[in-house]
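Q: Okay, predicted coordinates and the sequence, questions at the end:
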Amino acid sequence: MTNVRTQYREAYAHRTISRAHFKALVEALAEFKTGLPTKSRRIRSRAISAGKTTDLEGPESWKVIDPHSLAELEHIRVELLLTSEERRSCELQIEFRSGHISLNVSDVETGWGKSVFEDTRNLLGNLGITPKGINEILRRAYGLLDIFQNLLLMLSAAIFAVWLVGKGASYLFASVALFVAGVMPAMIRSYHYFFPPRRAQIIQETVLKSRNFPWAEATAVLSFLTGVVQLAKQLVAIVW
């Protein structure tokens, strides 16, 4: 009989974390969802750098990074395996790479997968490892603008053409705003192409507190909202 496996996955933009963050995460996972009727629990961490791999198990497995130079770390992974009974288990994996952070939960007929996934998302946010609040909202909104940037540019050109035939200034404002919203993702990608960012470090001893406000993303989202408001004003004026 084949066991049914259910996967829950989510990826986050890279964020350099401190050694204290990583320690807090591993220790929190060691005590994670202790109310579940598990027969066994196993937590394991792995660190990889320049061909060197280190594995440790247990609540102090955060020390897996000690044999490595933090500047050369390429990959860190934390795993928590919750076993209900033979062939029924729920495995949680959190990976840190220079390009992204990923969360993966694999559930084999325990029914715990969704709960484990949601609680882990909250844990990562509360520890400050993944973005939350306004920054996360802006990141998601910017992702949509990035997908529809060609449509926004075409729409801005069409609205600009309408303004040229003698329509109100609101059409011009809407056209410019939507053009900025559409061109901003392309400008950022072009900038990164000509001036590639340095390889992001995965973990540091300490991370200085800073706002790290996503100004480029905020500008694109604000421009889009401005364009929509200007168009809405014109539509209301036409109706009334």
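A: It's in.

Q: Could you pull up the contacting residues of the nearest residue to Arg97 once chain neighbours are set aside?
A: Ranked by Cβ to Cβ, 6 or more residues apart in numbering and with sequence neighbours excluded, the top spatial neighbour of Arg97 is His75, at 5.6 Å. Just so you know, the C-beta spots here come from the backbone N, C-alpha and C atoms, and that holds for glycine as well. Each residue near His75 by Cβ atoms under 8 Å, 6 or more residues apart in numbering is listed here: 46-49, 95-97, 202.

Q: Columns secondary structure, distance to Ala169 and pLDDT on top of those residues, output as JSON lines?
A: Formatted as JSON lines, those follow (DSSP: H, G, I helix; E, B strand; the rest coil; distance: Cβ to Cβ, whole Å; pLDDT from 0 to 100):
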{"residue": "Arg46", "secondary structure": "strand", "distance to Ala169": "60", "pLDDT": "96"}
{"residue": "Ala47", "secondary structure": "strand", "distance to Ala169": "58", "pLDDT": "95"}
{"residue": "Ile48", "secondary structure": "strand", "distance to Ala169": "58", "pLDDT": "94"}
{"residue": "Ser49", "secondary structure": "strand", "distance to Ala169": "58", "pLDDT": "92"}
{"residue": "Glu95", "secondary structure": "strand", "distance to Ala169": "51", "pLDDT": "96"}
{"residue": "Phe96", "secondary structure": "strand", "distance to Ala169": "49", "pLDDT": "95"}
{"residue": "Arg97", "secondary structure": "strand", "distance to Ala169": "48", "pLDDT": "91"}
{"residue": "Ile202", "secondary structure": "coil", "distance to Ala169": "50", "pLDDT": "89"}
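
Q: which of those are buried?
A: For the contacts of His75, a burial check counting by 16 or more other Cβ atoms under 10 Å picks out 46-49, 95-97, 202.

Q: and Leu152, how many neighbours?
A: Using other Cβ atoms under 10 Å, Leu152 is surrounded by 24 other residues.

Q: Correct me if wrong: it contacts Asp146.
A: No - using Cβ atoms under 8 Å, Leu152 makes no contact with Asp146, being 10.1 Å away.

Q: Right, I'll leave it there.
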